[in-house]
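Peer 1: Here is the input, now give the coordinates:
(chains A, B, C, D, E and F)
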Number of protein chains: 4
Amino acid sequence: MNLTIDAKSPLPVYQQVIQAIKLEVLSGSLRDGDPLPSIRDLAKLLRINPNTVAKAYYALEAEGFAEGRSGSGSRVKAPPGRQDVLRRAMLESEFRDFLEKAASLGFSLEDVRQLTERMKK
Amino acid sequence: MNLTIDAKSPLPVYQQVIQAIKLEVLSGSLRDGDPLPSIRDLAKLLRINPNTVAKAYYALEAEGFAEGRSGSGSRVKAPPGRQDVLRRAMLESEFRDFLEKAASLGFSLEDVRQLTERMKK
Amino acid sequence: MNLTIDAKSPLPVYQQVIQAIKLEVLSGSLRDGDPLPSIRDLAKLLRINPNTVAKAYYALEAEGFAEGRSGSGSRVKAPPGRQDVLRRAMLESEFRDFLEKAASLGFSLEDVRQLTERMKK
Amino acid sequence: MNLTIDAKSPLPVYQQVIQAIKLEVLSGSLRDGDPLPSIRDLAKLLRINPNTVAKAYYALEAEGFAEGRSGSGSRVKAPPGRQDVLRRAMLESEFRDFLEKAASLGFSLEDVRQLTERMKK
DNA sequence: GTGGTCTAGACCACC
DNA sequence: GTGGTCTAGACCACC
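Peer 2: Sure, this is the predicted structure:
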């Protein structure tokens, strides 16, 4: 678990927690059955309120990314479907978002391609 | 002016308006001295509250992207500095954000480069 | 809207609110587009915390039974599918639950039928 | 003894145990003086914590449905009063609850009667 | 006014 | 210890 909270982000804190954990699952850092930190521990670590973590965990459960029983902690539940396909889909979705912003700044896909070439060096 | 509002976005509506207008200026669609739509017109167009537009215009003035007196409408004020340099800087900043997300999904710059190659075709 | 909260019920308060509103929708008392009471008003009416009502409304939105925008209140969203079919399905599901309890008490469907006959009179 | 525990039920586990045993007594499956399984055995069988079973047994004793000293196991104590009268009372109480739910869905006693007729076939 | 988010702190059932 | 629920009260964006 390697996640940080950006209090200034427009994305609500509990959604940042959701995103971060989803990414860990999709990138393979967290696998099916792995224990998640307890609500209180994660809250302490991130210096946020336990209720906020609970809200995130609750949403993760509703989306099938976690499972928790009273008294025995929460665990990761990798969603059905191949993880690599989901990862790829998320990457392409993010890339399209980026291309849209680039376009509104007046840059083309070719400009972006050149940017990647320059950064490689 | 070609901007749309996403009510569900975590980014507050007035900030979406600010961003959109800044992009228009940096991309050259809006130039120094161009008139901005009246608060009422823009509010009607975007179906948002005039107060929200007013708040955005006020912020744009504070940042030096617009200037206007009540009664005579608002006008674009292109910030000092070369627009193309600013545009480029924004592109690169957005690209770095995207690369960070890609990295957290486990993808490298090389993976992204290949993605641009595939999209070119 | 005619709902009461039973503080002693094992069913959490926010779930009681969810159930009650779903029933109103399925029974036709609340129709698509009808306004729901504001979170604060309903909280005052039921003498519960606004957060608890908000949690219920949030869940109703997630399930497609309501829709709410900041600043303009929440509205009922009747789910797709014929209401009468859903109502009937809920009735039968509740009836099966009841029959199960009756069975564990040692009563048969026939006993239940006789009970309905006696109550008719 | 034929009882199952639903961990997701809003009814606390220990209360589910209490209910189940009461039903066994009222339906005559368990009779005055019959031995109850040991706390450890029942806990193992239901895969719940022995403390939870102990809590249920303790409550049953308080309500006069069981009696037992540590070391010698617990025994059923059928409450005074005719069992069939109690059974009937519980059935009718459950039925009234069901009718209330049916009513809130917009169904009448007559609708329920027709439902039992259809299920008979 | 409206809903959305968050903190601080409490109590519960279960472990 | 664990998660689940709830209250009281705050601040925010939007109306």
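Peer 1: Got the domain ranges for chain A?
Peer 2: Using automatic domain parsing, the domain parsing of chain A gives A:13-76, A:83-120.
Peer 1: who wins for proximity to residue D:17 among these?
Peer 2: For residue D:17, the closest of the domains of chain A is domain A:13-76, at 16.1 Å, according to C-beta to C-beta. For every residue, glycine as well, the C-beta is placed using N, CA and C.
Peer 1: Please name the nearest non-neighbouring residue to residue A:17.
Peer 2: Spatially, and ignoring its direct neighbours in sequence, residue A:17 is nearest to residue A:56 (3.8 Å; C-beta to C-beta, 6 or more residues apart in numbering or on different chains).
Peer 1: for that neighbour, what are its contacts?
Peer 2: With contacts defined as C-beta atoms under 8 Å, 6 or more residues apart in numbering or on different chains, residue A:56 is in contact with A:14-15, A:17-18, A:21.
Peer 1: again with residue A:19
Peer 2: residue A:11.
Peer 1: Can you tell me the element it falls in?
Peer 2: Under the criterion of DSSP states H and E, residue A:19 resides in helix A:13-26.
Peer 1: mind listing what's buried in that helix?
Peer 2: The neighbour-count check on helix A:13-26 (16 or more other C-beta atoms under 10 Å in any protein chain shown) flags A:13-14, A:16-18, A:20-26 as buried.
Peer 1: Past the helix or strand hosting residue A:56, which element shows up next along the chain?
Peer 2: Assigned by DSSP H and E, residue A:56 belongs to helix A:50-62. Using DSSP H and E, the helix or strand that follows helix A:50-62 in sequence is strand A:66-68.
Peer 1: Any buried residues in that next one, and which?
Peer 2: Neighbour-count burial for strand A:66-68 [16+ other C-beta under 10 Å]: A:66-68.
Peer 1: And stretch A:89-103, by the same measure?
Peer 2: Here stretch A:89-103 shows A:90-91, A:94-95, A:98-99, A:101-102 as buried, counting by 16+ other C-beta under 10 Å.
Peer 1: Check stretch A:52-62 too.
Peer 2: Buried-residue list, stretch A:52-62, by 16+ other C-beta under 10 Å: A:52-60.
Peer 1: part of a strand, is residue A:40?
Peer 2: No - for residue A:40, which was evaluated using DSSP: H, G, I helix; E, B strand; the rest coil, the result is helix, with no strand membership.
Peer 1: Does the helix holding residue A:56 reach DNA strand E?
Peer 2: Yes - residues of helix A:50-62 contacting DNA strand E under C-beta under 7 Å from any atom of the strand: A:50-52, A:55.
Peer 1: Can you name the next helix or strand after the lengthiest helix in chain A?
Peer 2: Longest helix in chain A, counting residues (DSSP state H): helix A:83-104. The helix or strand immediately downstream of helix A:83-104 is helix A:109-120, counting by DSSP H and E.
Peer 1: and that following helix, what's its mean pLDDT?
Peer 2: Averaging pLDDT along helix A:109-120 gives 90.
Peer 1: How about stretch A:72-82?
Peer 2: 85.
Peer 1: Keeping just the C-alphas, turn that stretch into PDB.
Peer 2: Taking C-alpha atoms only, stretch A:72-82 is exported to PDB below (Å, rounded to 0.1, in the frame of the first residue of the first chain):
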ATOM      1  CA  SER A  72     -12.200  -9.900  10.900                       C
ATOM      2  CA  GLY A  73     -10.900  -7.000   8.800                       C
ATOM      3  CA  SER A  74     -11.300  -6.300   5.100                       C
ATOM      4  CA  ARG A  75      -9.800  -8.200   2.200                       C
ATOM      5  CA  VAL A  76      -9.100  -7.500  -1.500                       C
ATOM      6  CA  LYS A  77     -11.500  -9.100  -4.000                       C
ATOM      7  CA  ALA A  78     -10.000  -9.000  -7.500                       C
ATOM      8  CA  PRO A  79     -12.900  -8.500  -9.900                       C
ATOM      9  CA  PRO A  80     -13.700 -11.100 -12.400                       C
ATOM     10  CA  GLY A  81     -12.100 -10.600 -15.800                       C
ATOM     11  CA  ARG A  82      -8.500 -10.500 -16.700                       C
END
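Peer 1: Residue A:82: neighbour count?
Peer 2: 8 (other C-beta atoms under 10 Å in any protein chain shown).
Peer 1: where are the low-confidence patches of chain A?
Peer 2: Residues of chain A that meet the criterion pLDDT under 70 lie in A:1-2, A:121.
Peer 1: Close to DNA strand E: what parts of it are there?
Peer 2: Counting by C-beta under 7 Å from any atom of the strand, the residues of chain A that sit close to DNA strand E are A:12-15, A:48-52, A:55, A:70-72.
Peer 1: residues in chain A within reach of chain D, list them.
Peer 2: With the criterion set to C-beta under 8 Å from any C-beta of the partner chain, chain A comes near chain D through residue A:69.
Peer 1: thinking again about what came up before, report the angle between the helix holding residue A:19 and helix A:83-104.
Peer 2: If you take axes from the mean of the first three to the mean of the last three C-alpha atoms, to 10 degrees, helix A:13-26 sits at 130 degrees to helix A:83-104.
Peer 1: Among the contacts of residue A:56, pick out the one closest to chain C, please.
Peer 2: Chain C lies nearest to residue A:14 out of those, by C-beta to the nearest C-beta, at 11.6 Å.
Peer 1: Run through the residues that contact that closest one.
Peer 2: Residue A:14 is in contact with A:52-53, A:55-56, A:59, counting by C-beta under 8 Å, 6+ apart.
Peer 1: redo that, cut-off 6 Å
Peer 2: A:52, A:55-56 (C-beta atoms under 6 Å, 6 or more residues apart in numbering or on different chains).
Peer 1: JSON lines for those residues, including distance to residue A:109?
Peer 2: Shown next, in JSON lines, are the contacts of residue A:14 (distance: C-beta to C-beta, whole Å):
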{"residue": "A:52", "distance to residue A:109": "39"}
{"residue": "A:55", "distance to residue A:109": "39"}
{"residue": "A:56", "distance to residue A:109": "36"}
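Peer 1: In chain A, what residue comes closest to DNA strand F?
Peer 2: The minimum distance from chain A to DNA strand F, using C-beta to the nearest atom of the strand, falls at residue A:38 (3.1 Å).
Peer 1: mind checking how far that residue is from DNA strand E?
Peer 2: Distance, residue A:38 to DNA strand E, by C-beta to the nearest atom of the strand, to the nearest Å: 12 Å.
Peer 1: Nearest residue to that residue in space, please, no chain neighbours.
Peer 2: The shortest distance from residue A:38 to any non-neighbouring residue, by C-beta to C-beta, 6+ apart, is to residue A:73 (5.8 Å).
Peer 1: and residue A:49, backbone torsions?
Peer 2: Per-residue torsions, residue A:49: phi -80, psi 140 (degrees, to the nearest 10).
Peer 1: burial of the nearest residue to residue A:34 once chain neighbours are set aside, as a residue count?
Peer 2: Closest residue in space to residue A:34, ignoring its immediate chain neighbours: residue A:76 at 4.4 Å, by C-beta to C-beta, 6+ apart. As a burial measure, residue A:76 scores 19 neighbours (other C-beta under 10 Å).
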